[in-house]
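Chemist: here you go, sequence then predicted model.
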Amino acid sequence: MRKLKILITYYSGTGNTEKIAYAIKESITGHDVDLFPVKQVDSTILSSYDIVFLGSGIYGFAINRKITSLIKKTLDLPSKFVYFYTHESSNPWPDAFKSIRGILEKNNCEVLGEFECCGENLKATEEQRQAAMKNLPPEKKKEMNEHYKMVKGRPNDEDLENAKKFAQLIIKKL
Ligand SMILES: Cc1cc2nc3c(=O)[nH]c(=O)nc-3n(C[C@H](O)[C@H](O)[C@H](O)COP(=O)(O)O)c2cc1C
C-alpha cells in the first residue's frame, strides 16, 4: 500500500477531543500523519492530503464553527474525510457534522467513518449540574446522576483504545 498523507485536525475547548486526536495519530503507522488544532490549519493545505480526520466537541448540539468555516473556505477539498467527536450526552449526535454535509456531498467527498465517545463537560460545575436537575422528578434526577458518574473522567483509556481501533480499521480498509 502506498504511503498516505493524513491530516488530523480538531477543535477542542477543554482537551477531550484532543485526546482522541492524539490516540488516532498514535494508532496510524506507516503513513505520514500531521496533527494540528484547526486554528493552525490554512485552508490551502487541505488538498495536499489523501485523508482528513475532522474532530470537535459538541457545543450546543453542533461541532465548533471553526471546523465548518475551514471546510467552507477550502476551494480544493480532499476526497476522503473521517469524523470524530466527543459529547457529554448519553446519546451520540448523528447530525453533528451536518453543517458541512452539503459541501462534502457537492464535492463528491467520501466520509469513511465516524467515531464518537462521551467526554465530561469540564466547564460544568457541580453546582450547575445540581441546579439543572433541581426541578426534575426523582427518577429523572437519578438517571442524570448516574449518567454524570458514567461520564466522569472520559474519554478514558477504553475510549482511547476504541479510537485507535477505529482509526486502524479505517486505514486497513483503504
Ligand atoms: C458550552 C458547551 C456546550 C456543550 N453542549 C453540549 C451539547 O449540546 N451536547 C452534548 O452532548 N455535550 C455538550 N457539551 C459537552 C461537550 O461536548 C463535551 O464535554 C466534550 O467532550 C468537550 O470536548 P472538548 O474537551 O474537546 O472541548 C457542551 C460543553 C460546553 C462547554
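Modeler: Right, received. Where do you want to start?
Chemist: quick one: least confident helix or strand in this protein?
Modeler: The helix or strand of the chain with the poorest confidence is helix 126-133; it has a mean of 92 (mean pLDDT, DSSP states H and E).
Chemist: tell me what that one is packed against?
Modeler: The helices and strands touching helix 126-133, judged by 3 or more C-beta pairs under 8 Å, 6 or more residues apart in numbering; DSSP states H and E, are helix 138-151. Heads up, the C-betas are built off the backbone N, CA and C, glycines and all.
Chemist: next SSE downstream of the helix it packs on?
Modeler: helix 157-173 (DSSP states H and E).
Chemist: for that following helix, the averaged confidence score.
Modeler: On average, the pLDDT along helix 157-173 is 97.
Chemist: could you list the buried residues of that helix?
Modeler: 159-160, 162-164, 166-167, 170-171 (16 or more other C-beta atoms under 10 Å).
Chemist: repeat that for stretch 95-111.
Modeler: 96-97, 99-100, 104, 109.
Chemist: ranges for the strands of this protein?
Modeler: 5-11, 32-37, 51-57, 80-87, 110-118 (DSSP state E).
Chemist: identify the residue nearest Arg129 in space, chain neighbours excluded?
Modeler: Nearest in space to Arg129, with sequence neighbours left out and distances taken as C-beta to C-beta, 6 or more residues apart in numbering, is Tyr148 at 6.2 Å.
Chemist: about what we covered before: of the buried residues of stretch 95-111, closest to Ala131?
Modeler: The nearest member of the buried residues of stretch 95-111 to Ala131, counting by C-beta to C-beta, is Ala96 at 26.6 Å.
Chemist: just the pLDDT for the closest one.
Modeler: On the pLDDT scale, Ala96 gets 95.
Chemist: that one against Gly60, yeah?
Modeler: No: Ala96 lies out of contact with Gly60 (C-beta atoms under 8 Å); the separation is 11.5 Å.
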